[in-house]
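Undergrad: curious how this folds, go ahead:
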Amino acid sequence: MPWIGTNYLHKMRSRAFTLLEIMVSVVVLSILVIILSRIVTNATTITTLGNKRMDTDSQVRPVLDRMVADFGQMIKRSDVDIYAKGLDPEAGNDRIAFFSNVPGYYRSNSNQSPISLVAYRINADTTSASYNRMERMGKGLLWNGASPTPSVSPLPSPNAAWIIFGGTPTLQTNWPSATVGDPANQNYKDPDFELVGPQIFRFEYSYLLNTGALANALPSSGIQGVTAVVVTIAAIDPKSRVLLSDPQISTLIGRLVDFDPATHAKIGDLPKAWQTALDGTTDMIRRAISGIRIYQRSFYLFPTK
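TA: Have a look, this model is predicted:
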């Protein structure tokens, strides 16, 4: 066996890792793994939030676009009725119904007027599949003078709504049963309403008056004294909504306060108040609450000639 000198053995030992070097390498590798995992987790969280926002936006955008057309073509005349909140504002979700020059559904094309009855509400029927979801009515109307026996006729006042253009012909119809009728259940089963915002659960509006002030009641001049209807809504993405029960959604509706001109004097004040209420909600799943988005839009009303 050949003799191995001490210099050679020393060189062999110098090529191996010491225990300290191995421990340092393991610590460095662990730190890199932790940093990488956090980067991946943060990226996943940001992507998830982005997807949830896009899902919510995709639900809300068509509704807001529809409102632009509906409110923009609202009939603003002193002899035309409108159902809107007044001096005694509705608690919780609001409702509104008005006549507009937009196409509406009617079972027959004959004798149909160019005017529709438009309404928005959040369904409050606990037995309905649309419970705590936004619905819209777009009911096409008939000209009363076009037929001796019109199929649409008024109910006794105050359920009757009339539009009179110089006396004749007269357009008449009933207000949607969501606004008047049986006070016990508000008639939320009205088939003329359609689901338009499955993830919209809060609906509140105010009036931007011609004076520039915000109000929760129509002025003495009626809708003609209003420049725009300011709508504030809250929506939640589908993945977050399944984490909340219907009673919890109803609780959130109550926590998102009604418009009050004394505390919400400027556009944007109400969304801030709603966001503060959501940030302070700790008795529900935060992941679900973080999926709620608030929108506010001003829909300007153009004079009807």
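
Undergrad: buried set for stretch 120-135?
TA: Tyr120, Arg121, Ile122, Asn123, Ala124, Asp125, Ser130, Tyr131, Asn132, Arg133, Met134, Glu135 (16 or more other CB atoms under 10 Å). In short, each C-beta sits where N, CA and C put it, glycine included.

Undergrad: so what's Val196 up against?
TA: For Val196, the set of contacting residues under the criterion of CB atoms under 8 Å, 6 or more residues apart in numbering consists of Pro62, Val63, Arg66, Met134, Glu135, Arg136.

Undergrad: again, only using 7 Å
TA: Each residue near Val196 by CB atoms under 7 Å, 6 or more residues apart in numbering is listed here: Val63, Arg66, Met134, Glu135, Arg136.

Undergrad: any low-confidence regions in the stretch 101-250 of the chain?
TA: Residues of the stretch 101-250 of the chain that meet the criterion pLDDT under 70 lie in 106-111, 142-191.

Undergrad: partners of the closest residue to Ser298 other than its chain neighbours in the sheet?
TA: The shortest distance from Ser298 to any residue that is not its chain neighbour, by CB to CB, 6 or more residues apart in numbering, is 4.5 Å, and that residue is Ala228. Counting by DSSP bridges, Ala228 is bridged to Leu208, Tyr300.

Undergrad: how close does Ala228 get to Tyr300?
TA: If you measure Ala228 against Tyr300 using CB to CB, to the nearest Å, the figure is 4 Å.

Undergrad: ditto for Leu209
TA: Counting by CB to CB, the separation of Leu209 from Tyr300 is 13 Å.

Undergrad: neighbour-wise, which of the two wins?
TA: In terms of neighbours (other CB atoms under 10 Å), Leu209 is the more surrounded of Leu209 and Tyr300; the figures are 16 against 12.

Undergrad: I'd guessed that one sits against Ser220; true?
TA: No. With contacts counted by CB atoms under 7 Å, Leu209 stays clear of Ser220, the gap being 10.8 Å.

Undergrad: the biggest helix by length in the chain - contacts with which helices or strands?
TA: Taking DSSP state H as the assignment, the helix of the chain that covers the most residues is helix 19-72. Contacting helix 19-72 under the criterion 3 or more CB pairs under 7 Å, 6 or more residues apart in numbering; DSSP states H and E are the following elements: strand 193-197, strand 226-236, helix 238-241, strand 292-300.

Undergrad: Throw those into a markdown table and include distance to Lys266, thanks.
TA: Putting the helices and strands packed on helix 19-72 into a markdown table (distance: least, CB to CB, whole Å) gives the following:
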| stretch | distance to Lys266 |
| --- | --- |
| strand 193-197 | 26 |
| strand 226-236 | 11 |
| helix 238-241 | 29 |
| strand 292-300 | 11 |
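
Undergrad: so which of these is the most packed in?
TA: Among those, strand 226-236 has the highest mean neighbour count (mean count of other CB atoms under 10 Å), at a mean of 22.

Undergrad: tell me the helices and strands packed up against that one.
TA: Secondary-structure packing of strand 226-236 (3+ CB pairs under 7 Å, 6+ apart): helix 19-72, strand 200-209, helix 269-279, strand 292-300.
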